[in-house]
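Engineer: Output the structure for:
(chains A, B, C, D, E, F, G and H)
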8 protein chains.
Amino acid sequence: MGAKVAVLMGSRSDLPVLEKCFETLKEFGIEFEGRVLSAHRTPEEAAEFARSAERRGIKVFICAAGMAAHLAGVMASFTTLPVIGIPIASEPFNGIDSLLSMVQMPPGIPVAVVSAGKAGAQNAALLAVSIIATSDSGLSARLKEYRERQKAKVLAADKELSQSLEMK
Amino acid sequence: MGAKVAVLMGSRSDLPVLEKCFETLKEFGIEFEGRVLSAHRTPEEAAEFARSAERRGIKVFICAAGMAAHLAGVMASFTTLPVIGIPIASEPFNGIDSLLSMVQMPPGIPVAVVSAGKAGAQNAALLAVSIIATSDSGLSARLKEYRERQKAKVLAADKELSQSLEMK
Amino acid sequence: MGAKVAVLMGSRSDLPVLEKCFETLKEFGIEFEGRVLSAHRTPEEAAEFARSAERRGIKVFICAAGMAAHLAGVMASFTTLPVIGIPIASEPFNGIDSLLSMVQMPPGIPVAVVSAGKAGAQNAALLAVSIIATSDSGLSARLKEYRERQKAKVLAADKELSQSLEMK
Amino acid sequence: MGAKVAVLMGSRSDLPVLEKCFETLKEFGIEFEGRVLSAHRTPEEAAEFARSAERRGIKVFICAAGMAAHLAGVMASFTTLPVIGIPIASEPFNGIDSLLSMVQMPPGIPVAVVSAGKAGAQNAALLAVSIIATSDSGLSARLKEYRERQKAKVLAADKELSQSLEMK
Amino acid sequence: MGAKVAVLMGSRSDLPVLEKCFETLKEFGIEFEGRVLSAHRTPEEAAEFARSAERRGIKVFICAAGMAAHLAGVMASFTTLPVIGIPIASEPFNGIDSLLSMVQMPPGIPVAVVSAGKAGAQNAALLAVSIIATSDSGLSARLKEYRERQKAKVLAADKELSQSLEMK
Amino acid sequence: MGAKVAVLMGSRSDLPVLEKCFETLKEFGIEFEGRVLSAHRTPEEAAEFARSAERRGIKVFICAAGMAAHLAGVMASFTTLPVIGIPIASEPFNGIDSLLSMVQMPPGIPVAVVSAGKAGAQNAALLAVSIIATSDSGLSARLKEYRERQKAKVLAADKELSQSLEMK
Amino acid sequence: MGAKVAVLMGSRSDLPVLEKCFETLKEFGIEFEGRVLSAHRTPEEAAEFARSAERRGIKVFICAAGMAAHLAGVMASFTTLPVIGIPIASEPFNGIDSLLSMVQMPPGIPVAVVSAGKAGAQNAALLAVSIIATSDSGLSARLKEYRERQKAKVLAADKELSQSLEMK
Amino acid sequence: MGAKVAVLMGSRSDLPVLEKCFETLKEFGIEFEGRVLSAHRTPEEAAEFARSAERRGIKVFICAAGMAAHLAGVMASFTTLPVIGIPIASEPFNGIDSLLSMVQMPPGIPVAVVSAGKAGAQNAALLAVSIIATSDSGLSARLKEYRERQKAKVLAADKELSQSLEMK
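Structural biologist: Numbering: from 1, shown residues only, chains lettered A, B, ... in the order given. Down below sits the predicted model:
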């Protein structure tokens, strides 16, 4: 079966930020496509990708971009599928430019923005999973197990800290 | 059938901002619950609401809050359903506080943040519709028609402007 | 002869901000088209407008938009003509969102951003005139006269202030 | 006797920032618990900790967190004890996100926010000491001595500077 | 018995912001002094007030100030009692100046900063009450009842909203 | 033939940022002058340069400056030629100071601001080329070819990514 | 005798902000000139004014300007007399643009920036007086009396507040 | 003869930033005192220093401080001599905290703020020299020569750049 999530980045240099996104989607067994598409340098290809995505089976878009980050907005203007945006920080404005360029979409064309950078890459994957899980109870169950593992890690860190403080 | 979308606000005073959200959900025939729940003043009730939502049929949360806007984050910590956040502006920091409080969620617990204020209220509804539409092709079709109506309005405004400029 | 400057706005509501832009272009006898085109709601029409502009004789684009202001960037992605952006302020982030969304274009696709709001509307028109004047010495001369009139106004205000202070 | 101050962090990685906090509490002989508790990943445990703290003898909470820093707010929503927040800076927004997420609490649920990062870690400890000292005159006296030692250090640095400048 | 809380403002014009602070302290039966003292225009009087407060029975300071808000910091430099700061917004920087001037205290001299403006005025009073309540179990009980009343108000607003939505 | 573009920098230390600007102008065969001129340290020379530029054949100014970046504004006050500004980031305000100092020109004296730093250096050159190309169809054609090469690079990166993802 | 202080504004519209500046200079019997001079629209006149000021007896410049506020910097580039800058707020960036444009002068050319707006207008006058008073002991004495009157006003407001609180 | 300029820093760690300040004062033969005085840790000593400075011959204060930078404001509250502030950047807010804490002084108590960091250290010294030079024509002449040397350096850099570009 084909990919359900399209993961787009405005530039090849955004790839390291997205590693946790790919990894998380794989952890949930979600098929995805990874693409480099620039809202500004390849506008026709970007538009064509957005228009054709739904009939190829894509359910959710994840778009990572920096600076005047228009990639998520361009996708959202050509599709009615959910579009998730990950603001990427760059010099010198450290991501406040991409956050505002992504989140402040005009009424009528929503983009779902998550945390900037690597935290956002993981959260974008989890948000995509949660969207697909609204009609896939098996996936929903795996999402709940993932949460339990997250919780277990915090509790383990908590236990370790308590012990190290007691020993002092 | 029960509600599919839970629309929460941190305070009754956020209601006017949300009007377009309710209206848009109705336009698509989506059943919703509207609730006033405070992350800080009614934490137990908020947690209980989040935990029980999925089994009552809720598919998506929409949370509007201002200041240190924790409501969406609290919901997201108790559910694995998609949670959408609408930053509400308030004096004196004009919404930059609620935007950052909502969007900068730690890795593992995503919140999907849309535009601040009324634009965000409409977009949150449309995002919720697009999420439910990933498994409802009829709804997906209505979403595409909505887009066409949006486009028609812009084209009408464009025509009107062209005529008014020619007459001058 | 056809229009040389295309003045685009993302929404009809941006029109009042642009009055001084239209007025200034008229003062210099520059033909222009005024259009409402949304980067997000009418992406196909916006792209088509950008692609066809040059062969219709357009020399310069002026784009006014608010929020995640992508209109100038979208134009710039479909044309190699100079594109000028005017950031429009809106609630609650007061134009810092549109300034950053316009100015922080990725390498390769420039947008020329001027002051936010009404000051920018006048300056965008003057910048467009100065661009066309690089190959039109008559227009260049009129631009210098315009500057002299600006100077004369400041000197008159200065004289008036000196007199009012002396009388006290 | 049991701990009087609970020092919580949202993630084990916040520990280095808190060193001066632990050290300062020890310097004053204040018993404390150090815990890793996440507002978002372990919401039930966080709530339970907050609810049970008072009867275990806790007098003051100190909470350090980054990004959308909800930990202090969550504690404050489940206890009426004083809650002190230390904003932790993280990439890319450098702590302005955690400062606003902590300080802009809604009316009715206060959080006492101190400086960001290491300066705040020391100040949070001193603020906790000053709160306990409102009913402990011995502790109050030790706080005054601590101030005298701080002053002496500045005066020594001043003297050293004066001498080094004279020698040049 | 004398006042336990000193409520200081940098200027008489800050008084309206503080109304909820006075009202909340009265609701808890906490005696307080209200003073206008300027860190910059009456530095000697401010210092003298801070130095003498503890022996007059003051337990907590609340300081409201705008612009380069040094009042809380000046108090904190002359006393080891807990000092709470309320940032007051003023033209043109809307309180970000007073927030940073208050919260970013150097290591060694803490100030406890709450929300800006009226929300902060109420929260400063509640924080002062919670500090005094650390050694006053009766007051602690009244604080818990206050919380219950807050919760009841939210639940009533919630009920009212549910009913109004059902009737539509 | 003489230079058509004047590339000015406020300080010799801005030179590394401008490399891509010089390189891009060369790629298009545009003659340019590179100058170090300070709005503040050499105001007479800066004014004289601006006044004499047009008769020496200059068509467009590019000005790079940091901090209170007045260089572009000073040029614009002495010439009616198009003036492009590149904000340069410096410690500690990271370019927000130079962006606002450049872009917020008063009505009547436009400056065309592009992205901050190296991205802006390339974009300033391309904007200058596009301005000159409004009356040079050969240059306009080369600009379109440049765009095609940009597009080809993105498509190649896209292909490479797709392959690397498939291999995993 | 001639004026000792030159008070310049970039636009006649800045006059209301400067009232307290004129009033304060008069209160100290300091002769001043008030001028409207634009760094951008009348650069020659501004430069000539700056160059000739010292030999006409001017001791200090006060410059009020908004947006990309270059007026103070231009004065400072043509004179070695002290130059004081008052940032004026304007839509939409509320003075952060003029503050940064004024204060971030490059090494070698200082501008002395005071508070934004009306508070700054009064403070600029007082700073000018304090500068002239460094060689005028009579003026220095009057400055100390002015401070005493300021103090008296705060103490009167304090007394009035205490009485009004007691009566409640 | 005694010192004419008092150079104060809030912490010994600010010394490296001030090197250029000391160096510049020496270059002009201005006697100065360098002191470490903390507004918060040594408030009595700071006040005493400010009160006694004038009668010891001090003409101008220079104060460098970071975070909630109150040092300049405290000096200004105890003296009517001109007080110059240098904002020092520190983690995590990079000097925007100290800039606003210094510049936004309330009406009546001016502080003259210069650029942040090392640029400001040099400018503070030059501003102090220009203030003393208002009554010292020899010093005024040396200041003009200093400017000429600055100009010569820029012109030399300009010449060097022109040559290096020609050689390419």
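
Engineer: Mind telling me which residue of chain A is nearest chain F?
Structural biologist: Among residues of chain A, the one nearest chain F by Cβ to the nearest Cβ turns out to be A:Pro92. It sits 3.5 Å away. In short, each C-beta sits where N, CA and C put it, glycine included.

Engineer: Find the nearest non-adjacent residue to that residue, please.
Structural biologist: F:Ala89 (3.5 Å; Cβ to Cβ, 6 or more residues apart in numbering or on different chains).

Engineer: Test my guess that that neighbour contacts A:Ser90.
Structural biologist: No. Taking Cβ atoms under 8 Å as the definition, F:Ala89 is not a contact partner of A:Ser90, at 11.1 Å.

Engineer: What is the burial count for whichever residue of chain A sits closest to chain H?
Structural biologist: Of the residues in chain A, the one nearest chain H is A:Asn94, at a distance of 10.2 Å by Cβ to the nearest Cβ. Burial of A:Asn94, expressed as a neighbour count using other Cβ atoms under 10 Å in any protein chain shown, amounts to 17.

Engineer: repeat for the one 5 residues further on
Structural biologist: The tally of other residues near A:Leu99 (other Cβ under 10 Å) stands at 30.

Engineer: again with A:Lys151
Structural biologist: If you count neighbours by other Cβ under 10 Å, A:Lys151 ends up with 18.

Engineer: where along chain A do the strands fall?
Structural biologist: When assigned using DSSP state E, the strands of chain A occupy the ranges A:5-9, A:32-36, A:60-66, A:83-88, A:112-113.

Engineer: packing partners for the first one?
Structural biologist: Same thing as strand A:5-9. For strand A:5-9, the packing partners by 3 or more Cβ pairs under 8 Å, 6 or more residues apart in numbering or on different chains; DSSP states H and E come out as helix A:15-27, strand A:32-36, helix A:43-53, strand A:60-66, helix A:71-78, helix A:117-133.

Engineer: Quick one: closest of these to C:Leu139.
Structural biologist: The stretch from these with the least distance to C:Leu139 (Cβ to Cβ) is helix A:43-53; that distance is 31.8 Å.

Engineer: quick one: is the closest one near chain B?
Structural biologist: No. If you take Cβ under 8 Å from any Cβ of the partner chain as the test, helix A:43-53 misses chain B, and the best it gets is 11.5 Å.

Engineer: Quick one: residues contacting A:Asn123.
Structural biologist: Applying Cβ atoms under 8 Å, 6 or more residues apart in numbering or on different chains, one finds that A:Asn123 lies in contact with A:Val114, A:Ser115, B:Met105, B:Pro107, B:Gly108, B:Ile109, B:Pro110, B:Val111.

Engineer: Give the closest residue to it in space, chain neighbours not counted.
Structural biologist: B:Pro110 (3.6 Å).

Engineer: residue closest to the middle of chain A?
Structural biologist: Among the residues of chain A, the one closest to the centroid is A:Ala124, at 2.7 Å (Cα atoms, centre = their mean).

Engineer: correct me, but that one touches A:Ile62?
Structural biologist: Yes. Using Cβ under 8 Å, A:Ala124 is in contact with A:Ile62, at 4.6 Å.

Engineer: how about JSON lines for the helices and strands packed on strand A:5-9, with distance to C:Ala156 and mean pLDDT added?
Structural biologist: Output for these, formatted as JSON lines (distance: least, Cβ to Cβ, whole Å; pLDDT from 0 to 100):
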{"stretch": "helix A:15-27", "distance to C:Ala156": "56", "mean pLDDT": "97"}
{"stretch": "strand A:32-36", "distance to C:Ala156": "57", "mean pLDDT": "97"}
{"stretch": "helix A:43-53", "distance to C:Ala156": "49", "mean pLDDT": "97"}
{"stretch": "strand A:60-66", "distance to C:Ala156": "48", "mean pLDDT": "98"}
{"stretch": "helix A:71-78", "distance to C:Ala156": "46", "mean pLDDT": "98"}
{"stretch": "helix A:117-133", "distance to C:Ala156": "54", "mean pLDDT": "98"}
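
Engineer: Relative to chain D, which residue of chain A is the closest?
Structural biologist: At 3.5 Å from chain D, A:Ala89 is the closest residue in chain A, using Cβ to the nearest Cβ.

Engineer: Got phi/psi on that residue?
Structural biologist: Torsion angles at A:Ala89 (phi, psi; degrees, to the nearest 10) stand at phi -80, psi 140.

Engineer: That one contacts A:Ala119, doesn't it?
Structural biologist: No. Counting by Cβ under 8 Å, A:Ala89 stays clear of A:Ala119, with 11.3 Å between them.

Engineer: For the longest helix belonging to chain A, name the packing helices and strands.
Structural biologist: Ranked by number of residues, the top helix in chain A under DSSP state H is helix A:137-167. With contacts defined as 3+ Cβ pairs under 8 Å, 6+ apart, the packing partners of helix A:137-167 are helix A:117-133, strand D:32-36.

Engineer: partners of the shortest one, with directions?
Structural biologist: Note on strand D:32-36: by DSSP bridges, its sheet partners are strand D:5-9 (parallel).

Engineer: Can I get the partner strand in PDB, CA atoms only?
Structural biologist: These are the backbone C-alpha positions of strand D:5-9, laid out as PDB (Å, rounded to 0.1, in the frame of the first residue of the first chain):
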ATOM      1  CA  VAL D   5      10.800  22.300  49.800                       C
ATOM      2  CA  ALA D   6       9.900  20.300  46.700                       C
ATOM      3  CA  VAL D   7      12.200  21.000  43.800                       C
ATOM      4  CA  LEU D   8      10.700  19.700  40.500                       C
ATOM      5  CA  MET D   9      12.100  19.700  37.000                       C
END
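
Engineer: centre of the chain versus it, how much separation?
Structural biologist: Relative to the chain's own centre, strand D:5-9 is displaced by 8 Å; criterion: Cα atoms, centre = their mean, to the nearest Å.

Engineer: Look at A:Gln163 and report its pLDDT.
Structural biologist: Turning to A:Gln163, the model gives it a pLDDT of 89.

Engineer: Count the residues that sit near it.
Structural biologist: Neighbouring residues of A:Gln163 were enumerated by other Cβ under 10 Å; the total is 9.
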